[in-house]
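Participant: model the following, please.
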Amino acid sequence: MKAFANYHPIVIFLYFVFVIGLTMFYMHPIYLIISLAMSILLSLQINQKSFLHSLKWMVPLFVIAALINPLISHDGEKIILYIDDNPITIEAIVYGFAMSVMICTVIFWFGCYNKLMTSDKFLYLFGKISPAFALIISLTLRLVPRFQQQIGAITQAQRAVGMDVTSGNLLHRIKCGIHILSILITWALENAIETADSMKARGYGLPKRSTFSLFSFEKRDALTLTIMFILMTINIIGSFLGYTDYYFYPTFSELVLQPISLLLYTTYTLLLALPIIIELWEAFKWRSLISNN
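Facilitator: Below you'll find the predicted structure:
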């Protein structure tokens, strides 16, 4: 995903704002399926190995989130059974699965955001507006990946000296886990102090501090932003007109395929698939140049 990653940071940031915002707003089944499919395709295109690894905990999360709703919500007309005099309805089950799809899809989109919207791009956009806030957000987004990488390194090092959390009795494993956690916390505190001293020494946040950036706003960025705003506007207008509404309670709304609905589905798909289309277009141009030479 080098083509879209090389676009101006404002294009990448607004793309994910639009996509994640619409995904969290729409509960329409077709919109959920489109968003889930596009998020999976983009995740596979960015980092297939990381995405497949994340499915180990995403699938249980999906199932748990889907099963919780019918246990706490008993609305709906189509009752299939009773548990302690509480009805379990098909509407509640389907709504639980829809919520699970939405949650997992948002997580997938945030994973793509974390890969494409790097900390230097975020600081470039918001460093001048609010340097402290931009730095905090940037460090927060990097926190989990860095902690995962560091705890892996610490675990490997401790395993070499006999402090393996995967072997031995329960007391030994707890002792090893506490020791690894202590090392991780110490590293985190030292790293925070070093980062603060480093940023202070560089004059970060000072009013007259100059910065160097490789980012430049080009014609392709303007064209992509224009397309994004057009597609976004079409879907917002469709939402105000009620074409994207869907109700699960008291029973399911009827899915009617109208010409305006097909237009909205198409524009929504194009908006979400924009990075994939850009990547395929750049690959096509590159192959054309190679074949011509």
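Participant: got the residue ranges for the helices in the chain?
Facilitator: With DSSP state H as the criterion, the chain has helices at 2-5, 9-25, 29-46, 48-72, 90-116, 119-126, 131-160, 170-201, 219-240, 259-272, 274-292.
Participant: can I get those in TSV including mean pLDDT, mean neighbour count and distance to Y249?
Facilitator: C-betas here are computed from N, CA, C, even on glycine. As requested, the helices of the chain are exported to TSV (pLDDT from 0 to 100; neighbours: other C-beta atoms under 10 Å; distance: least, C-beta to C-beta, whole Å):
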stretch	mean pLDDT	mean neighbour count	distance to Y249
helix 2-5	80	16	39
helix 9-25	90	19	18
helix 29-46	89	19	14
helix 48-72	76	14	11
helix 90-116	85	19	6
helix 119-126	75	18	39
helix 131-160	74	14	36
helix 170-201	80	12	45
helix 219-240	91	15	20
helix 259-272	90	17	22
helix 274-292	83	13	34
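Participant: turn those helices into a markdown table, columns for distance to I80.
Facilitator: Below are those laid out as a markdown table (distance: least, C-beta to C-beta, whole Å):
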| stretch | distance to I80 |
| --- | --- |
| helix 2-5 | 45 |
| helix 9-25 | 29 |
| helix 29-46 | 20 |
| helix 48-72 | 9 |
| helix 90-116 | 6 |
| helix 119-126 | 47 |
| helix 131-160 | 39 |
| helix 170-201 | 42 |
| helix 219-240 | 32 |
| helix 259-272 | 30 |
| helix 274-292 | 39 |
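Participant: ok, now how distant is the residue lying closest to I10 once chain neighbours are set aside from Y265?
Facilitator: Of all residues not flanking I10 in the chain, L125 sits nearest, at 6.3 Å (C-beta to C-beta, 6 or more residues apart in numbering). From L125 across to Y265, the span is 31 Å (C-beta to C-beta, to the nearest Å).
Participant: swap in I90?
Facilitator: Separation of I90 from Y265 (C-beta to C-beta): 25 Å.
Participant: and what of S253?
Facilitator: For S253 relative to Y265 (C-beta to C-beta), the value is 16 Å.
Participant: next: K219.
Facilitator: From K219 to Y265 the distance is 29 Å (C-beta to C-beta).
Participant: what of R173?
Facilitator: 51 Å.
Participant: ok, now I183?
Facilitator: Per C-beta to C-beta, I183 is found 51 Å from Y265.
Participant: ditto for S39
Facilitator: Remark: distance between S39 and Y265 (C-beta to C-beta) = 16 Å.
Participant: do F284 as well
Facilitator: 25 Å.
Participant: send the alpha carbons of stretch 42-57 over as PDB?
Facilitator: Extracted C-alpha coordinates of stretch 42-57, given in PDB (Å, rounded to 0.1, in the frame of the first residue of the first chain):
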ATOM      1  CA  LEU A  42      -7.400  -3.100   2.600                       C
ATOM      2  CA  SER A  43      -6.000  -4.900   5.700                       C
ATOM      3  CA  LEU A  44      -4.900  -7.800   3.600                       C
ATOM      4  CA  GLN A  45      -3.300  -5.400   1.100                       C
ATOM      5  CA  ILE A  46      -1.400  -3.500   3.800                       C
ATOM      6  CA  ASN A  47      -0.200  -6.400   5.900                       C
ATOM      7  CA  GLN A  48      -1.600  -9.900   5.300                       C
ATOM      8  CA  LYS A  49       0.400 -11.600   8.100                       C
ATOM      9  CA  SER A  50      -0.700  -9.000  10.700                       C
ATOM     10  CA  PHE A  51      -4.300  -9.200   9.700                       C
ATOM     11  CA  LEU A  52      -4.400 -13.000   9.800                       C
ATOM     12  CA  HIS A  53      -2.800 -12.900  13.300                       C
ATOM     13  CA  SER A  54      -5.400 -10.500  14.600                       C
ATOM     14  CA  LEU A  55      -8.200 -12.900  13.600                       C
ATOM     15  CA  LYS A  56      -7.200 -15.100  16.500                       C
ATOM     16  CA  TRP A  57      -8.800 -12.700  19.000                       C
END
